[in-house]
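[1] Got a predicted model here, sequence first, then my questions.
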Amino acid sequence: HMAEDSPGLLQHVKFQSSNFENILTWDSKPESIPGTVYSVDYKTYGKPEWLAKAGCQRITRKSCNLTVETGNFTEFYYARVTAISSEGWSATKMTERFHPQQHTTIKPPDVTCVPKVRSIQMIVHPTLTPMYNADGHQLTLEEVFQDLFYHLELHVNHTYQMHLEGKQREYEFSDLTPDTEFLGSIVISVPTRLKESAPYVCRVKTLPDRTWT
Amino acid sequence: LQTLHLGSCVIITNLQKIQSEFSEIRDSVQANDQNIDFRVLRNAGSLQDTEPSDRCCLLRHLLGLYLDRVFRNYQTSDHHTLRKISSLANSFLTIKKDLQLCHTYTTCHCGEEATEKYRQILSHFEQLEPQAAAVKVLGELDILLRWMKETE
């Protein structure tokens, strides 16, 4: 029984990328077709060969981690999925051209908010990517995106916020009222790529002032 | 605004605007490129790996390729795409005029490296039929933008 194309077998083949963790996902309609197996290939744009992704051949799940295989953030990639049902139906679909530096979304930063009596310190921790340079050094988001910077807000009350911005990792909001709760919000921004992360939010209370007690 | 350092020719341009305009048509243009085994703008020919003194000349040639044989030859009935291509062409024309100024003041020297790299790019381009070449190289505009960005 020759395999014939069946569109419902395979849909929405695409990369989902977050902080350069590049996952290939797909769907089928109806949701699950028992006995259907999927095989994944990938290639670099401009190169002739498709390469089979080990670990994603004849699988039944609908995702495949291609982070390592698409690990050069300056390159352009394609991936494709072939689905074969138990009745011999088959379908093959390819992604759009995938460019990690363009397509990845940025996760919220990891931040430590440190309350003091009249100030709040915010320490942004570097975000490591799953990529390494030629010397084996693991790259941070800051190293991949040269124009990356942090934007910090401290909500004092409904109408008043304080703002700080920069490329450094340590910030301090000062001249605050002791023993008062504040809401901090920190985002990563990459202007040339028109990217901005969701905010990391911390609720923190300044320490009581015990100097005159 | 970004400052591009092309040897002793230094120009200021708005790459972010160009990137944003291109991103609106990128997926549809790239989807029309049927030959994904072949690439015209290859890493070996990149601006940032070119001697600084030759970068201006190479970029001037590349912009000329886009203006004369890509934007002009790209055929589509989609008005949004046509508007974006027109806007991209205007941006490239502005940059090319700045490079022309550098050329006038002899800071846009065409050395052997720039000449050879452009010859290779052109030979890749001319291996394809004109319309297919226009589609492919328009789809590779994000490669050229990254080359330009890396001369900042």
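    The structure has been received and is ready for your questions.
[2] CA only for contacts and neighbour counts going forward, please
    OK.
[3] Against which helices or strands is the lowest-mean-pLDDT helix or strand in chain B packed?
    Every helix and strand in chain B was compared by mean pLDDT, DSSP states H and E; the lowest is strand B:2-6, with a mean of 88. Contact here means 3 or more Cα pairs under 8 Å, 6 or more residues apart in numbering or on different chains; DSSP states H and E; on that basis strand B:2-6 packs against strand B:9-13, helix B:52-65, helix B:141-149.
[4] mind putting the ones you listed in JSON lines, mean pLDDT and distance to residue A:73 included?
    Output for the helices and strands packed on strand B:2-6, formatted as JSON lines (pLDDT from 0 to 100; distance: least, Cα to Cα, whole Å):
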{"stretch": "strand B:9-13", "mean pLDDT": "91", "distance to residue A:73": "24"}
{"stretch": "helix B:52-65", "mean pLDDT": "93", "distance to residue A:73": "23"}
{"stretch": "helix B:141-149", "mean pLDDT": "93", "distance to residue A:73": "12"}
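[5] quick one on the thing from earlier: please enumerate residues in contact with the least confident helix or strand of chain B?
    Here strand B:2-6 makes contact (Cα atoms under 8 Å, 6 or more residues apart in numbering or on different chains) with B:10-15, B:52-56, B:148-149, B:151-152.
[6] I'd like to check what contacts the helix or strand containing residue B:19. Which residues are they?
    For residue B:19, the host element (DSSP states H and E) is helix B:15-23. Applying Cα under 8 Å, 6+ apart, the set of residues contacting helix B:15-23 from outside is A:191-194, B:1-2, B:84, B:87-88, B:91, B:141-142, B:145, B:149.
[7] Separate out the buried members of the residues you listed.
    Among the contacts of helix B:15-23, those classed as buried by 16 or more other Cα atoms under 10 Å in any protein chain shown are A:192-193, B:84, B:88, B:91, B:141-142, B:149.
[8] Which two among those are spaced furthest apart?
    B:84 and B:149 (20.3 Å; Cα to Cα).
[9] Settle this for me: residue A:174 is touching residue A:118, isn't it.
    Yes: between residue A:174 and residue A:118 there is a contact at 6.1 Å, judged by Cα atoms under 8 Å.
[10] okay, these two: which has more neighbours?
    The neighbour comparison of residue A:174 against residue A:118 (other Cα atoms under 10 Å in any protein chain shown) goes to residue A:118, with 17 against 13.
[11] Check residue 28 and give its pLDDT.
    Picking chain A for this. We note a pLDDT of 88 for residue A:28 in this prediction.
[12] The intended chain is chain B.
    95.
[13] Give me the phi and psi angles of it.
    phi -70, psi -40 (degrees, to the nearest 10).
[14] Could you measure from the residue lying closest to residue A:153 once chain neighbours are set aside over to residue A:27?
    Of all residues beyond its chain neighbours, the one nearest residue A:153 is residue A:163 (4.6 Å), with distances taken as Cα to Cα, 6 or more residues apart in numbering or on different chains. Per Cα to Cα, to the nearest Å, residue A:163 is found 43 Å from residue A:27.
[15] distance between the longest strand anywhere in chain A and the chain's centre?
    Using DSSP state E, we find that the single longest strand of chain A is strand A:181-190. On the basis of Cα atoms, centre = their mean, to the nearest Å, strand A:181-190 sits 18 Å off its chain's mean C-alpha point.
[16] which other residues reach that strand?
    With contact meaning Cα under 8 Å, 6+ apart, strand A:181-190 is reached by A:106, A:108-109, A:111, A:145, A:147-156, A:195-206.
[17] Give me the mean pLDDT for it.
    96.
[18] again with stretch A:64-83
    Per-residue pLDDT over stretch A:64-83 has a mean of 96.
[19] same deal with stretch A:127-143?
    94.
[20] Pull up the distance across that stretch, start to finish.
    End-to-end for stretch A:127-143, by Cα to Cα: 10 Å.
[21] still on that earlier bit, show me which positions of the least confident helix or strand of chain B end up buried.
    B:4-6.
[22] mind listing what it pairs with, with the direction of each?
    Sheet pairing for strand B:2-6, assigned by DSSP bridges, gives strand B:9-13 (antiparallel).
[23] residues near residue B:74, how many?
    20.
[24] Would you list the phi and psi of it?
    Here residue B:74 shows phi and psi, under degrees, to the nearest 10, equal to phi -70, psi 120.
[25] In contact with the residue nearest to it when sequence neighbours are not counted, which residues?
    Nearest in space to residue B:74, with sequence neighbours left out and distances taken as Cα to Cα, 6+ apart, is residue B:134 at 5.6 Å. When contacts are counted by Cα under 8 Å, 6+ apart, residue B:134 is found next to B:69-71, B:73-74.
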